[in-house]
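1. Take a look and give me a structure for this.
(chains A, B, C and D)
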Number of protein chains: 4
Amino acid sequence: MPVPATRHIVETTLYVRYAETDAMGIVHHANYIVFFEEGRSAYTRQRGSSYAELEKTGVFLTVVEVGARYVKPSVYGQRLTVRCWIAEIRSRGVTFEYEIVDTDTGALSMTGFTKHICVDREGRIILIPALWRIWAE
Amino acid sequence: MPVPATRHIVETTLYVRYAETDAMGIVHHANYIVFFEEGRSAYTRQRGSSYAELEKTGVFLTVVEVGARYVKPSVYGQRLTVRCWIAEIRSRGVTFEYEIVDTDTGALSMTGFTKHICVDREGRIILIPALWRIWAE
Amino acid sequence: MPVPATRHIVETTLYVRYAETDAMGIVHHANYIVFFEEGRSAYTRQRGSSYAELEKTGVFLTVVEVGARYVKPSVYGQRLTVRCWIAEIRSRGVTFEYEIVDTDTGALSMTGFTKHICVDREGRIILIPALWRIWAE
Amino acid sequence: MPVPATRHIVETTLYVRYAETDAMGIVHHANYIVFFEEGRSAYTRQRGSSYAELEKTGVFLTVVEVGARYVKPSVYGQRLTVRCWIAEIRSRGVTFEYEIVDTDTGALSMTGFTKHICVDREGRIILIPALWRIWAE
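-> Here you go, the predicted structure:
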């Protein structure tokens, strides 16, 4: 399924927490993976089928691959905007892409993607819910 | 210096992140300490002297004591409101108190406090900035 | 039940991770709460009834209170030894105490405690397993 | 500079912490990025030029790219072995590769890489220390 011509981008904004910085004085690189997840959570909430609701139906999106490129460091107190969209949905998997920018200046901080497969409570691969598949249309 | 009769309470609201949960299905207890910090950050931002700005002047608030009581677990996607206020300011230290409640129902999730002393870049104890001391008045 | 005269102390040693530091160049205060947990895990493993095994039987130790005093900051790469012992066991709860010291010099870094109650999978309060209660004797 | 025929692999073993799990009951995917870092730290310690010492000389390795593939989930209490080696060293950058396996069964949990550049305290790109460059020979 090709990437739709008009992609739906959801933005969420956060303040960098002190706990997210490291001894270099900048956000520790692993924390951006959590920011991606926040972008994903906001995406599903805004599209009306939150991931929290999905899990209650016994459907889980497990992560099978992560990639991230770091462009510009961020510091405590800085406001970051996470942009998240779906790059691809297949019958059993979905790929989200992300861009994180400084909220005030728009300067690019990083880019990345996460690939997921859909599993049930026992970890068996299942179909992506129909509700989600229409997001790719 | 006694607790002021009219305390200034700052509220900040956040969504529980998936990364903040643990295998019990609830927010891991250490993460509430980070939520306290977010409450503190919001407090200083709202009062017009953000902690980020304070650090740029070479003044650091180091933590010397933490206490937390857990009343009701929180789950992924839940909205929590962190209430933060200053319980006491002395010449070289400050105590913040916190209450975390469910944003929608108001149900109490936890309470706690953090005690801090003011140090310079070399870790020497110094006076709390005058700007902060008036917060106790 | 009083604290036993001869308390059983379990030590576990770890290297401070870079991800555990913050922009002050020292270990972020919330991470010590995770070090306490590591001390607790080591304690139960060494006494022959690991917490991981306990959870498989449907018994969970949920945290109801945490207290910590910070004496001396720690830095990336430093080796810390977490000392953990049981201060008190009651029929439905247990209190662990902790001391964290620099492994090489023995200098005290911090002290703390955590209080827990025993719950089942549905969150109902239950009795501490007999296997654990003899630890207080 | 091509990958050396005989690569030097350093292994470090850790217990999965409870705080590292999430509501799916498994290790949260962002925490493996921290395990990579632990592998890297152990690598530099074992080769006699720890990253902690390097930073004291004003040389920092900042992360510019991360990639990770998740093969098999891990759970609380499980022992994981992180294998780390240098895939490539250039004059201003270095690429580490990782494999994480179950310590007891040897089953592959995940693979990944991190790319770094060398910067000074002001963030200017500098040469990798000679001491490190010989690791690629």
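2. buried sites along the lengthiest helix in chain A?
-> Using DSSP state H to define each element, chain A has its longest helix at helix A:31-46. Buried residues in helix A:31-46, defined by neighbour count with 16 or more other Cβ atoms under 10 Å in any protein chain shown: A:31-45. Just so you know, the C-beta spots here come from the backbone N, C-alpha and C atoms, and that holds for glycine as well.
3. Just name whatever secondary elements that helix is in contact with.
-> Applying 3 or more Cβ pairs under 8 Å, 6 or more residues apart in numbering or on different chains; DSSP states H and E, one finds that helix A:31-46 contacts strand A:10-15, helix A:51-56, strand A:60-70, strand A:79-89, strand A:93-102, strand A:108-119.
4. out of everything not next to it in sequence, what's closest to A:Cys84?
-> A:Gly39 (3.4 Å; Cβ to Cβ, 6 or more residues apart in numbering or on different chains).
5. Contact partners for that neighbour?
-> Counting by Cβ atoms under 8 Å, 6 or more residues apart in numbering or on different chains, A:Gly39 makes contact with A:10, A:12, A:82-84, A:96, A:98, A:100.
6. Same list, the residues you listed, but as TSV with distance to D:Ala68, pLDDT and neighbour count please.
-> Below are the contacts of A:Gly39 laid out as TSV (distance: Cβ to Cβ, whole Å; pLDDT from 0 to 100; neighbours: other Cβ atoms under 10 Å in any protein chain shown):
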residue	distance to D:Ala68	pLDDT	neighbour count
A:Val10	24	97	18
A:Thr12	23	97	19
A:Val82	19	98	26
A:Arg83	21	98	17
A:Cys84	18	98	26
A:Phe96	15	97	23
A:Tyr98	15	98	25
A:Ile100	18	98	26
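7. would you list those in TSV and tack on distance to C:Gly123?
-> Output for the contacts of A:Gly39, formatted as TSV (distance: Cβ to Cβ, whole Å):
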residue	distance to C:Gly123
A:Val10	34
A:Thr12	31
A:Val82	33
A:Arg83	38
A:Cys84	33
A:Phe96	33
A:Tyr98	35
A:Ile100	37
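8. tell me which parts of chain A are close to chain D?
-> Selection of chain A residues close to chain D by Cβ under 8 Å from any Cβ of the partner chain yields A:23-24, A:29-31, A:33-34, A:37, A:55, A:60, A:62-70, A:73, A:123.
9. interface residues of chain A facing chain B?
-> Close to chain B, as judged by Cβ under 8 Å from any Cβ, chain A has residues A:15, A:17-19, A:34, A:37-38, A:41, A:45, A:50-52, A:55, A:75-77.
10. Pick out the most distant pair among those residues.
-> Between any two of these, the greatest separation by Cβ to Cβ is 33.5 Å, found for A:Glu55 and A:Val75.
11. If you count surrounding residues, which of the two has more?
-> The neighbour comparison of A:Glu55 against A:Val75 (other Cβ atoms under 10 Å in any protein chain shown) goes to A:Glu55, with 19 against 15.
12. one step back: and the buried residues of helix A:31-46, which is closest to chain B?
-> A:Val34 (4.5 Å; Cβ to the nearest Cβ).
13. Now for that closest one: which residues touch it?
-> Contacts of A:Val34 (Cβ under 8 Å, 6+ apart): B:17, B:19, D:30.
14. contacting residues around the residue nearest to the first one when sequence neighbours are not counted?
-> For B:Arg17, the nearest residue in space outside its immediate sequence neighbours is A:Glu38; the separation is 5.9 Å by Cβ to Cβ, 6+ apart. Going by Cβ under 8 Å, 6+ apart, A:Glu38 touches A:12, A:14, A:82, B:15, B:17.
15. Quick check: which element contains A:Leu127?
-> Assigned by DSSP states H and E, A:Leu127 belongs to no helix or strand.
16. was I right about it contacting A:Cys118?
-> Yes. Contact between A:Leu127 and A:Cys118 holds when scored by Cβ atoms under 8 Å: they sit 6.5 Å apart.
17. May I see the ChimeraX selection of the buried members of the residues of chain A next to chain D?
-> With 16+ other Cβ under 10 Å as the criterion, this ChimeraX line picks the buried residues out of the residues of chain A next to chain D:
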select /A:23,24,29,30,31,33,34,37,55,60,62,63,64,65,66,67,68,70,73
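18. Next, work out how far apart A:Val16 and A:Leu80 are.
-> 6 Å (Cβ to Cβ, to the nearest Å).
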